[in-house]
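Enquirer: Kindly return the folded structure for what I paste below:
(one chain, ligands or ions: 1)
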Amino acid sequence: MTRAIFIDRTFPSFRYDKIMSHEGYYKGMQIKRWQSTLNSSSEQNIDLTNIPAENIRNFSIIAHVDHGKSTLADRLLELTGTINSHHSHSQVLDKLTVERERGITIKAQGHVDFNYEVSRSLAACQGTILLVDAAQGLQAQTVANFWLAYNQELSIIPVVNKVDLPAADVERVTKQIQSTFELDTTNIALISAKTGLNVDKILPNVIEKIPHPTGDVNESLKAFLFDSWYDTYVGVVCLMAIVNGKLQKGDKIVSAHSGNKYEVADIGIMHPEQVPTGYLHAGQVGYVICNMKAAAEAHIGDTFYHIKSPVDPLPGFEPAKPMVFAGIFPIDTNEFNKLDESIAKLTLNDASVSVQKETSTALGQGWRIGFLGTLHMDVFQQRLEEEYDANVIITQPTVPYKIIYRDGASKLIRNPSEFPESNEMTHKIIELQEPMVMVTVIAPEEYIGSIMDLCGSRRGEQLEYNYLDELRVIMRYSMPLAEIVTDFHDDLKSRSSGYASFDYEDMGYQPSDIVKMNVLINKKPVDALAAILHRSQVSSIGREWAKKLNNNKTKTKNYFYLKISSKRQLYEVVIQTAIGGKVVARETIPAMRKNVTAKCYGGDVTRKMKLLEKQKEGKKKMKMIGNIELPQKAFYDFLSKRSGTSKLKNK
Ligand SMILES: Nc1nc2c(ncn2[C@@H]2O[C@H](COP(=O)(O)OP(=O)(O)OP(=O)(O)O)[C@@H](O)[C@H]2O)c(=O)[nH]1
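Expert: The predicted structure is shown next:
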């Protein structure tokens, strides 16, 4: 995997290692060797702004999470003198607070969410280093990334990393690479990015095996935008690969996707920070600052051309496609405006989220936000909380379902509230469809049984089962995306003691028997708790939800249930789950009427009335808010942990 998209977006200083253009290598020994091989200039101080395309190598480093991309990138940058070895790790490897706190690598876990962006980043390269951990061997993302690179027809250089580890099994891993990818491993570099061992063997390979970019500087400008981030001072900074022609400061350019016009205010290379050069020519990769106001204007995969010389856009562009939608609401409705501002600021920097206002009867005014995946959603929530001090409730994530009408039209729905009524279903609609994905799982053989159970319980259909070597199995399943967004990853990890890895790719839409399940509290549907489910899951999930909502013994973090239970004294609470008018499950929390007049000894009727009145008021207030006075965490916990029963049993 290239350096992570998410982190890159947040920390511009990371980006240099995503696409390492030629600039990084001009000062290194390897480059001198390369230069002498090519019989070109041997001068020491090379003008970075004027390098012929033949001397450029644009490549990226792809790998499974933690296989060593950043460490290798640092070593290569040191080796080439782009950074010195005192350029402390803390700066280069600085991480988001969110990331540290979660103890996971956001970008890595989020790779699944960001596959499109990664494929666009790869499209800006001619080659890639496929890095594999010598102890862990091939993992699901290694395979997914290999195919992304292969499909882009990139030159792929396999490298085995972490050979210094006692658990390293170089022979086995090399064999895996050879048999799975049919890559030539005869002289494969066996390195330790940590100690620096053999890292110098990589660059000559890069120079020899990765072709130089083939653009023509004399043709009309064709610039390819593959990444961007928002800088408070200068606005949007774009990373572009110049495919043809030359782009200069002051040039007027047009986005092929939006038709928007911009003027280049600053342009240069990443070395590793921004170094202005005044122009970029065919074959170069660098940064471009023009008058883009929000990250949403920088469409990854977009093509730019000079205002007077339109060109055909490069293939493969897709507008950002959020696949997970959820409602976000302030806990304290007085914070609506503040939250509105915070969300606007966050989305300024994140082009891949979509935002719409939404109103819920249970939760008030909020937003419907579309994310690339659940990790993207978690990170967004966490950033709202940490950076903007917001307290929010996030509803159950929903994938986009498709409605096919009798007249041939179709519509995507992203919210259970948009689910068609039964009348419409009978008369206007032919079928409902849900998004499917192909899941790739790699795991040691001993966990396969349990993983197959998991995939089966998630409506998965096995497409492939193969041995990677004598110990590890690779399986592919077709599975509804909805099953992945509800904790599939956590479940997979817990069933395999952390040894299984997975990735998924889009498989389009498939007809599906889906229904909307309502949760009713005292007969009132709570819109924020509605969910779209497959019919086969309704009875088990319906019963489970009702039980959970009535579970007054739970001492877990599910405060929601406790909260409802704590209202017991005042009135009866009936919890039901239902599809249309058909109740699936019912739970009752009996009323325990508090005798508020007990302390009034006879006589004082007025006081008695007053107290009864007060109690009634209280009840009214409670009913009015439908018992949903919830701590955000409780709501979130309930909502995010609500999927199939089989899964919960195994937790
Ligand atoms: N022993 C050993 N550890 C290494 C080596 N290379 C990297 N590591 C360690 O492996 C861990 C992950 O390395 P990173 O460079 O962050 O891996 P990455 O692939 O960039 O990870 P993500 O960006 O999180 O996907 C770190 O603790 C590194 O110190 C190596 O050659 N040997």
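Enquirer: what's the weakest-modelled helix or strand in the protein?
Expert: helix 5-10 (a mean of 23; mean pLDDT, DSSP states H and E).
Enquirer: ok, the nearest residue to residue 367 once chain neighbours are set aside - contacts?
Expert: Leaving aside its chain neighbours, residue 367 sits nearest to residue 328 (5.0 Å; criterion: Cβ to Cβ, 6 or more residues apart in numbering). Glycine gets a C-beta too; all of them are placed from N, C-alpha and C. Contacts for residue 328 (Cβ atoms under 8 Å, 6 or more residues apart in numbering) come out as 339, 343, 366, 367, 368, 369, 381, 384, 392, 393, 394, 395.
Enquirer: And these, which is closest to residue 179?
Expert: residue 381 (42.0 Å; Cβ to Cβ).
Enquirer: Only alpha carbons, please: show the helix or strand hosting the closest one as CSV.
Expert: Per DSSP states H and E, residue 381 falls inside helix 374-388. Extracted in CSV, the C-alpha atoms of helix 374-388 (Å, rounded to 0.1, in the frame of the first residue of the first chain):
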residue,chain,number,x,y,z
THR,A,374,-16.8,2.5,8.8
LEU,A,375,-13.2,3.3,9.8
HIS,A,376,-13.5,6.6,7.9
MET,A,377,-16.7,7.1,9.9
ASP,A,378,-15.0,6.3,13.3
VAL,A,379,-12.2,8.7,12.5
PHE,A,380,-14.5,11.4,11.5
GLN,A,381,-16.4,11.1,14.8
GLN,A,382,-13.3,11.0,16.8
ARG,A,383,-11.9,14.1,15.1
LEU,A,384,-15.2,15.9,15.7
GLU,A,385,-14.9,15.0,19.4
GLU,A,386,-11.2,15.7,19.8
GLU,A,387,-10.5,18.6,17.6
TYR,A,388,-13.8,20.3,17.8
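Enquirer: which strands and helices sit next to the helix or strand that it is followed by?
Expert: Using DSSP H and E, the next helix or strand after helix 374-388 towards the C-terminus is strand 392-394. Packing partners of strand 392-394 (3 or more Cβ pairs under 8 Å, 6 or more residues apart in numbering; DSSP states H and E): strand 324-330, helix 374-388, helix 632-640.
Enquirer: May I see the buried residues of the following helix or strand past strand 392-394?
Expert: Next along the chain after strand 392-394, taking DSSP H and E as the criterion, comes strand 401-405. For strand 401-405, the neighbour count (16 or more other Cβ atoms under 10 Å) marks 401, 402, 403, 404 as buried.
Enquirer: How about the contacts made by the third one?
Expert: It stands for residue 403. Counting by Cβ under 8 Å, 6+ apart, residue 403 makes contact with 410, 411, 412, 413, 420, 429, 432, 433.
Enquirer: The last one now?
Expert: For residue 404, the set of contacting residues under the criterion of Cβ under 8 Å, 6+ apart consists of 410, 429, 430, 431, 432, 433.
Enquirer: ok, of these, which one's closest to the ligand?
Expert: residue 433 (34.0 Å; Cβ to the nearest ligand atom).
Enquirer: overlap between the contacts of residue 403 and the residues near the ligand?
Expert: Among the contacts of residue 403, not one lies near the ligand by Cβ under 6 Å from any ligand atom.
Enquirer: how about the residue nearest to residue 191 when sequence neighbours are not counted, phi and psi?
Expert: Distances taken as Cβ to Cβ, 6+ apart put residue 198 closest to residue 191, at 4.3 Å, once the chain neighbours are dropped. Note on residue 198: its backbone torsions stand at phi 60, psi 10 [degrees, to the nearest 10].
Enquirer: circling back: could the contacts of residue 404 be laid out in a markdown table, adding secondary structure and pLDDT?
Expert: What follows is those, written out as a markdown table (DSSP: H, G, I helix; E, B strand; the rest coil; pLDDT from 0 to 100):
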| residue | secondary structure | pLDDT |
| --- | --- | --- |
| 410 | strand | 95 |
| 429 | strand | 94 |
| 430 | strand | 94 |
| 431 | strand | 94 |
| 432 | strand | 96 |
| 433 | strand | 97 |
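Enquirer: Now which of those would you call buried?
Expert: For the contacts of residue 404, a burial check counting by 16+ other Cβ under 10 Å picks out 431, 432, 433.
Enquirer: May I have the beta-bridge partners of the last one?
Expert: Legend: beta-bridge partners of residue 433 under DSSP bridges are residue 402, residue 511.
Enquirer: how about it, what does it touch?
Expert: Applying Cβ under 8 Å, 6+ apart to residue 433 gives the contacts 401, 402, 403, 404, 509, 510, 511, 512.
Enquirer: And for the second one?
Expert: For residue 432, the residues meeting the contact criterion (Cβ under 8 Å, 6+ apart) are 401, 402, 403, 404, 511, 512, 513, 514.
Enquirer: Any figure for the gap between whichever residue of the stretch 401-550 of the chain sits closest to the ligand and residue 440?
Expert: Using Cβ to the nearest ligand atom, residue 501 is the residue of the stretch 401-550 of the chain that sits closest to the ligand, at 11.9 Å. Residue 501 sits 9 Å away from residue 440, going by Cβ to Cβ, to the nearest Å.
Enquirer: Overlap of the contact sets of these two?
Expert: Contacts common to residue 501 and residue 440, judged by Cβ under 8 Å, 6+ apart, are residue 140.
Enquirer: Phi and psi next, for residue 335.
Expert: Backbone torsions of residue 335, given as degrees, to the nearest 10, read phi -90, psi 10.
Enquirer: Would you quantify the distance from residue 244 to the ligand?
Expert: 32 Å (Cβ to the nearest ligand atom, to the nearest Å).
Enquirer: Residue 258 too?
Expert: Remark: distance between residue 258 and the ligand (Cβ to the nearest ligand atom) = 32 Å.
Enquirer: same deal with residue 296?
Expert: In terms of Cβ to the nearest ligand atom, residue 296 sits 26 Å off from the ligand.
Enquirer: Might you report the residue contacts of that residue?
Expert: With contact set as Cβ under 8 Å, 6+ apart, residue 296 has these partners: 347, 348, 351.
Enquirer: Mind checking which of those land in helices?
Expert: With DSSP state H as the criterion, helices contain 347, 348 from among those.
Enquirer: In JSON lines, list the contacts of residue 296 along with distance to the ligand and pLDDT.
Expert: Shown next, in JSON lines, are the contacts of residue 296 (distance: Cβ to the nearest ligand atom, whole Å; pLDDT from 0 to 100):
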{"residue": "347", "distance to the ligand": "24", "pLDDT": "82"}
{"residue": "348", "distance to the ligand": "25", "pLDDT": "76"}
{"residue": "351", "distance to the ligand": "21", "pLDDT": "72"}
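Enquirer: Quick check: of the contacts of residue 296, which lies closest to residue 56?
Expert: Of those, the one sitting nearest to residue 56 (Cβ to Cβ) turns out to be residue 351, at 27.5 Å.
Enquirer: tally of neighbours for the closest one?
Expert: Using other Cβ atoms under 10 Å, residue 351 is surrounded by 23 other residues.
Enquirer: Now do the same contact list for it.
Expert: 228, 294, 295, 296, 297, 298, 299, 300, 320.
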